[in-house]
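[1] Coordinates for the following, if possible.
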Amino acid sequence: MSLTRADFHIQNQASAQVEAQRLFEQKTILQGAWLGWVASQIYTLRPAEYASMVRRELARLQEISEK
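    I've put the predicted structure just below:
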């Protein structure tokens, strides 16, 4: 039985948030090199739907940090 999109999201949300936080925390360490590094990290995530969840969470963290 395959997961619905909603089920996949529910099962993976916490993990995606943790992964995004881990990636975001490297921003101050890597500084100018962070963008390329984080793109390469996201590229390795599977499945693509999970990578998208992490990308959205990173965007949310970025938005919060800019306020």
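
[2] So which bits of stretch 23-39 are buried?
    Within stretch 23-39, the residues scored as buried using 16 or more other Cβ atoms under 10 Å are 23-24, 27, 38. All C-beta atoms are positioned from the backbone trio N, CA, C, and that covers glycine.

[3] now what about that stretch, what contacts it?
    By Cβ atoms under 8 Å, 6 or more residues apart in numbering, the surrounding residues in contact with stretch 23-39 are 41-42, 54, 58, 61-62, 65.

[4] CSV for the buried residues of stretch 23-39, including pLDDT?
    Formatted as CSV, those follow (pLDDT from 0 to 100):
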residue, pLDDT
L23, 98
F24, 98
K27, 96
V38, 97
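
[5] and of these, the nearest to L3?
    L23 (24.1 Å; Cβ to Cβ).

[6] so where does that closest one fall, helix or strand?
    Using DSSP states H and E, L23 sits within helix 5-25.

[7] Just the buried residues of that helix, please?
    12, 16, 19-20, 23-24.

[8] coming back round to it: now the contacts of stretch 23-39: which count as buried?
    Buried subset of those (neighbour count, 16+ other Cβ under 10 Å): 41-42, 54, 58, 61.

[9] re earlier: closest to F8 out of the contacts of stretch 23-39?
    Among the contacts of stretch 23-39, V54 lies closest to F8 (Cβ to Cβ), at 13.2 Å.

[10] May I ask which helix or strand encompasses that closest one?
    If you go by DSSP H and E, V54 is part of helix 48-65.

[11] show me what contacts the residue positioned nearest the centre of the chain?
    Ranked by distance to the mean C-alpha position of the chain (Cα atoms, centre = their mean), the top residue is V54 at 2.1 Å. For V54, the contacting residues are 16, 19-20, 23, 42, 45, by Cβ under 8 Å, 6+ apart.
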